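1. Need a 3D model of the following:
(one chain, ligands or ions: 1)
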Amino acid sequence: MRGRVPQTVPTITPLVRAYDHLLLDLDGCLWVGGTPTRDAPLALQTLREAGKRVAFVTNDTRSSAEEYVRKLWSLGFRASLEEVVTVGGALQHHLSERHGMRRASAYVVGTPAIVRHVSDAGLRVVNGMAEAPHAEVVVAAGHDRLVFEELKVATQALLAGADFIAAGRDRTFPMPDGMWPGTGALVAALEYASGRRATTVGKPEPEIFATALDRLGAGRALVVGDRLDVDLAGAHAAGLDGAIVLSGATSRAEAETAGADGGPRPVAIAADLAELVLGEAPPLAPLPPAAPPQPPDLPPAGYGRAAG
Ligand SMILES: [Mg+2]
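-> Below you'll find the predicted structure:
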């Protein structure tokens, strides 16, 4: 545990005690960027001491399961490879069943980790080759080094009839400097350009939770995540309860009004994983200082942004 030694062994909340398994989201739940959310390592350790089994279920496409295990340990979370269920693994399973046997050609918009999953599924990755615009399959997964050429080649392959598989529809994910565009933003661009609709395999599709439950065995499971349209909707699709933490992409007002349109409602809303598991309220934030004096010549909102 980093930076904090509890004086007594914490107990878990009655809500969490009612479940055998917790399916935990990573981005915005266990961490934001490279920093754990408040007391998240303590919350995870307490879950383990209470005999709960956990799986880490992530739509993040930027790393492999092995890399997530290393990151978990580096941030103070004990974790094993079997506990990490990534959308990359779900993509690999999907592609291998549909396209692996015939060694279909694939153009991949994604990180090296995703390229490896596509290749391990038995597909022939044709990125950088002359046949790329005629690939039989386009795989789309958000990544930080996206360039126009990738959108162009993927669009051409899709217009030529390629099968279209995407890692998810997450609009954004939280980072220390604010929200970053997620896989869903990339998928939307390709769908708009091609007029095609992607098949997605990550949350909120239920299969990724089924994979996690397969590994955990029988028991009652609670999904915990920071997105209503991904984590909560995925829990609902898989027939599981979902709790929302406010340490990522969702505001309290959004979480509290979830379900008003007939969609799923969270069984709990907590400031963060620690509050959900340990019941601790986060420390009161100091009152903000009085509004600082503003320079008189601030440019109008939107000044300096490109038009359109
Ligand atoms: Mg998340």
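
2. Show me the chain divided up by domain.
-> The chain resolves into domains spanning 14-59+204-278, 88-200 when parsed by automatic domain parsing.

3. And these: which comes nearest Glu82?
-> For Glu82, the closest of the domains of the chain is domain 14-59+204-278, at 5.7 Å, according to Cβ to Cβ. Where C-beta positions appear, they are placed from N, C-alpha and C, glycine not excepted.

4. what's Glu207 in contact with, if anything?
-> Shown in contact with Glu207 (Cβ atoms under 8 Å, 6 or more residues apart in numbering): Ala90, His93, His94, Val201.

5. From the ion, how far out is Val187?
-> Distance, Val187 to the ion, by Cβ to the ion, to the nearest Å: 17 Å.

6. List phi and psi for the closest residue to that residue other than its chain neighbours.
-> Of all residues not flanking Val187 in the chain, Ala166 sits nearest, at 4.5 Å (Cβ to Cβ, 6 or more residues apart in numbering). With angles defined as degrees, to the nearest 10, Ala166 sits at phi -130, psi 160.

7. And the residue most central in space within the chain, how far from the ion?
-> For the chain, Asn59 is the residue whose C-alpha lies nearest the centre (Cα atoms, centre = their mean; 3.4 Å). Separation of Asn59 from the ion (Cβ to the ion) stands at 7 Å.

8. That residue against Gly202, yeah?
-> Yes. In this structure, Asn59 is within contact of Gly202 by Cβ atoms under 8 Å, at 4.1 Å.

9. list the residues that contact both of those two?
-> Counting by Cβ under 8 Å, 6+ apart, the shared contacts of Asn59 and Gly202 are Val87, Ala167, Gly168, Asp170, Thr183, Ile208, Val230.

10. so the spatially closest residue to the fifth one that is not a sequence neighbour, which of the three states?
-> If you skip the residues right next to it in sequence, Thr183 has Gly142 as its closest partner in space, 3.6 Å away by Cβ to Cβ, 6+ apart. Secondary structure of Gly142, reduced to three states by DSSP: H, G, I helix; E, B strand; the rest coil: coil.

11. Gly142 is in contact with Gly182, isn't it?
-> Yes. With contact defined as Cβ under 8 Å, Gly142 and Gly182 form a contacting pair (5.2 Å).

12. who touches both of the two?
-> By Cβ under 8 Å, 6+ apart, Gly142 and Gly182 have these common neighbours: Asp170.

13. Output the set of residues of the stretch 201-308 of the chain in proximity to the ion.
-> Asp226 (Cβ under 5 Å from the ion).

14. Let me see the ranges of the strands in the stretch 201-308 of the chain.
-> Here the stretch 201-308 of the chain has its strands, by DSSP state E, counting those that start in this stretch, at 221-225, 241-245, 268-270.

15. For the contacts of Glu207, could you give me CSV that also reports secondary structure?
-> Output for the contacts of Glu207, formatted as CSV (three-state DSSP):
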residue, secondary structure
Ala90, helix
His93, helix
His94, helix
Val201, coil
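
16. Among those residues, which one sits closest to the ion?
-> Lowest distance from the ion to the contacts of Glu207 (Cβ to the ion) belongs to Ala90, with 15.5 Å.

17. tell me the contacts of that closest one?
-> Val201, Gly202, Glu205, Glu207, Ile208, Thr211.

18. And it, how far from Gly263?
-> Plainly put, Ala90 is 23 Å away from Gly263 if you go by Cβ to Cβ, to the nearest Å.

19. next one: Leu273
-> Taking Cβ to Cβ, one finds Leu273 at 23 Å from Gly263.
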